[in-house]
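Colleague: Quick one, structure for this:
(one chain, ligands or ions: 1)
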Amino acid sequence: MRKPVATVVSDQIQKLGYRMRPSIALQESRAAISGRVADTGECFEASAEQSLFRSMAAAGIEWPVSCRNGTCRTCLARLLEGAVVYDIPWPGLSAEEKAANYCLPCIARPVADVVLVPA
Ligand code: FES
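Modeller: Residues are numbered from 1 along each chain as shown. Next up is the predicted model:
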């Protein structure tokens, strides 16, 4: 079985005696992002690889959810801290809501530690 290209390149770089920049190594090792529901104090471990809702559910946190695709707005929340990204260009939020830090946890992926409350 062939190795992924990134692995081959990484192996070649290490054979030449170079080391990865600390910032790159840190990014790769920091898979976990912390999350907190402000009004209950519940904390969870999140990941940029999955939605906030999935991370909260994995931690046993109950959060209102329905469509899970960013259209019904059942999961609407407001971010008090942190930032999220979406895989779709314009989820079911108005420009004003986005500017006011509202988010849809069913499809929002965190890119920093987050603190949120239900809207
Ligand atoms: S559950 Fe429908 S928008 Fe999040």
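
Colleague: Sticking with residue 53, tell me its helix or strand.
Modeller: helix 52-58 (DSSP states H and E).

Colleague: buried ones in that helix?
Modeller: 52-57 (16 or more other Cβ atoms under 10 Å). From N, CA and C alone the C-beta is placed, and that goes for glycine too.

Colleague: next one: stretch 102-116
Modeller: For stretch 102-116, a neighbour-count test (16+ other Cβ under 10 Å) marks 102-110, 114, 116 as buried.

Colleague: quick check: mean pLDDT across it?
Modeller: Computed over stretch 102-116, the mean pLDDT rounds to 97.

Colleague: how about it, does it get close to the ligand?
Modeller: Yes - counting by Cβ under 6 Å from any ligand atom, the ligand is contacted by stretch 102-116 at 104, 106.

Colleague: What is the end-to-end distance of that stretch?
Modeller: End-to-end distance of stretch 102-116 (Cα to Cα, to the nearest Å): 9 Å.

Colleague: Repeat that for stretch 93-113.
Modeller: Its first and final residues considered, stretch 93-113 spans 21 Å by Cα to Cα.

Colleague: contacting residues around the closest residue to residue 84 other than its chain neighbours?
Modeller: Spatially, and ignoring its direct neighbours in sequence, residue 84 is nearest to residue 108 (3.8 Å; Cβ to Cβ, 6 or more residues apart in numbering). Counting by Cβ atoms under 8 Å, 6 or more residues apart in numbering, residue 108 makes contact with 51-52, 84-86, 91.

Colleague: can we see that at 7 Å?
Modeller: Contact analysis of residue 108 by Cβ atoms under 7 Å, 6 or more residues apart in numbering lists 51-52, 84, 86.
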